[in-house]
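No sequence on hand, only this structure:
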């Protein structure tokens with residue numbers, strides 16, 4: 001979970017570039033960017049439980065009606081899903097002031113499979129997991 005840009009050195013450079021771009025987009029619009037948005041990067045070896053703990057709610061469940069991914073009547077509760085060549089980006093707006101959380105999920109086979117499958121399904125992707133090579 002990234003609340004300021006200091007620990008970005010440990011993040012994949014392509015995701016770091018996306019985070020930098022999102023911060024630049026908010027510059028001048030929001031007084032305190034780091035109070036306005038939190039970035040979560042799901043990397044190799046992370047678990048769904050770790051993602052849920054960072055978010056404060058289950059990522060594989062609609063946070064309004066409790067329906068789990070895979071159920072016939074499931075609909076995702078994120079506000080935006082963007083597919084990038086190396087990751088998915090989920091945006092959750094959590095407050096009336098626009099405060100939110102942006103989750104980047106690396107497209108790697110050692111990231112949570114069900115989370116990758118859900119993102120791929122709703123992004124319209126044919127392949128939910130990349131091989132980790134530069135694309």
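That came through, no problem. Keep in mind that this is a model prediction, so the values were computed, not measured.

ok, now which ones touch residue 37?
By CB atoms under 8 Å, 6 or more residues apart in numbering, residue 37 lies in contact with 22, 26, 30, 99-102. The C-beta positions use only the backbone N, C-alpha and C, and glycine is treated the same way.

hmm, 7 Å instead?
Applying CB atoms under 7 Å, 6 or more residues apart in numbering to residue 37 gives the contacts 26, 100, 102.

And those, which of them are buried?
With neighbours counted using 16 or more other CB atoms under 10 Å, those contain these buried positions: 100, 102.

wait, which of the contacts of residue 37 is closest to residue 49?
Set against residue 49, the nearest of the contacts of residue 37 by CB to CB is residue 102 (19.9 Å).

so that closest one touches residue 93, yeah?
No - counting by CB atoms under 7 Å, residue 102 does not reach residue 93; the two are 10.0 Å apart.

Break down the protein into its helices, ranges please.
Using DSSP state H, the helices found in the chain span residues 13-26, 33-36, 48-55, 113-123.

So which elements touch the first one?
Packing contacts for helix 13-26, counted by 3 or more CB pairs under 7 Å, 6 or more residues apart in numbering; DSSP states H and E, involve helix 33-36, strand 37-42, strand 100-106.

for the protein, where's the lowest mean pLDDT among helices and strands?
Lowest by mean pLDDT, DSSP states H and E among the helices and strands of the chain is helix 33-36, with a mean of 63.

ok, how many other residues are close to residue 104?
25 (other CB atoms under 10 Å).

out of everything not next to it in sequence, what's closest to residue 62?
Distances taken as CB to CB, 6 or more residues apart in numbering put residue 77 closest to residue 62, at 4.6 Å, once the chain neighbours are dropped.

try residue 119
Spatially, and ignoring its direct neighbours in sequence, residue 119 is nearest to residue 88 (3.9 Å; CB to CB, 6+ apart).

show me where pLDDT drops low in this structure?
For the chain, applying pLDDT under 70 flags the ranges 1-10, 28-36, 125-135.
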